[in-house]
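>>> Give me a model of this one.
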Amino acid sequence: MTRIRVVAAVVRRGDVILVTRRPDRPGRPGQWEFPGGKVEAGETEPAALRREIVEELGCGIEVGPLLVRRVHAYPDLEVELAFYAGRLPDGAAPEPIGVAEIAWAAADGLASYDFLEADRAVLPELARLSAAHG
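Numbering: from 1, shown residues only. Alright, predicted model coming up:
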């Protein structure tokens, strides 16, 4: 089975957390996830996360500590996910450039979004940990 490394940012502003909806194209379309993406060969996880945030949201990010690392097996793919605390620079206004939609979701309301299976499994832990680092 193919295994990929993925990084994601847990960006908190007060009581809300930034989430993005995947474009409606092949590869688990339309579901919600934390912003980020694949780590390319030779790239560190923080560098990959900074690159992905620029590509997806058109802004920079300050990458903080690792919050959670998990491996999730889909029927066709195994994903190693690393969730990092992130902070957008002052004045940064994320735009849905490489994603279908962005939302600032209440930390206690994350479960109401149709998250990817791999992200859904860690929602309670991420909400708790991001509060501690945010």
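>>> max-length helix in this structure?
When the chain is scanned for its longest helix (criterion: DSSP state H), the result is helix 45-57.
>>> Tell me how far that one lies from the chain's centre.
Average the C-alpha atoms of helix 45-57, do the same for its chain, and the two points are 10 Å apart (CA atoms, centre = their mean, to the nearest Å).
>>> Same question for it: list its buried residues.
Of the residues in helix 45-57, those buried under the neighbour-count criterion (16 or more other CB atoms under 10 Å) are 45-46, 48-53, 56-57. Using the backbone N, CA and C atoms, a C-beta is placed for each residue, glycine as well.
>>> L126 contacts R12, correct?
No. L126 is not in contact with R12 according to CB atoms under 8 Å; the separation is 9.8 Å.
>>> can I get the buried residues of helix 45-57 in a markdown table with distance to A103 and pLDDT?
Output for those, formatted as a markdown table (distance: CB to CB, whole Å; pLDDT from 0 to 100):
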| residue | distance to A103 | pLDDT |
| --- | --- | --- |
| E45 | 24 | 98 |
| P46 | 24 | 98 |
| A48 | 23 | 98 |
| L49 | 19 | 98 |
| R50 | 22 | 98 |
| R51 | 22 | 98 |
| E52 | 18 | 97 |
| I53 | 16 | 98 |
| E56 | 14 | 96 |
| L57 | 12 | 97 |
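>>> Just the pLDDT for the residue nearest the centre of the chain.
Closest residue to the average C-alpha location of the chain: F34 at 2.4 Å, with CA atoms, centre = their mean. F34 is assigned a pLDDT of 95 by the prediction.
>>> So A82: helix, strand or coil?
Of the three states, A82 takes strand according to DSSP: H, G, I helix; E, B strand; the rest coil.
>>> Assumed P89 was part of a helix.
No. Secondary structure of P89 (three-state DSSP): coil, not part of a helix.
>>> Quickly note the distance from the residue nearest to it when sequence neighbours are not counted to E33.
For P89, the nearest residue in space outside its immediate sequence neighbours is G60; the separation is 5.3 Å by CB to CB, 6 or more residues apart in numbering. Summarising the geometry, the distance separating G60 from E33, computed by CB to CB, to the nearest Å, is 20 Å.
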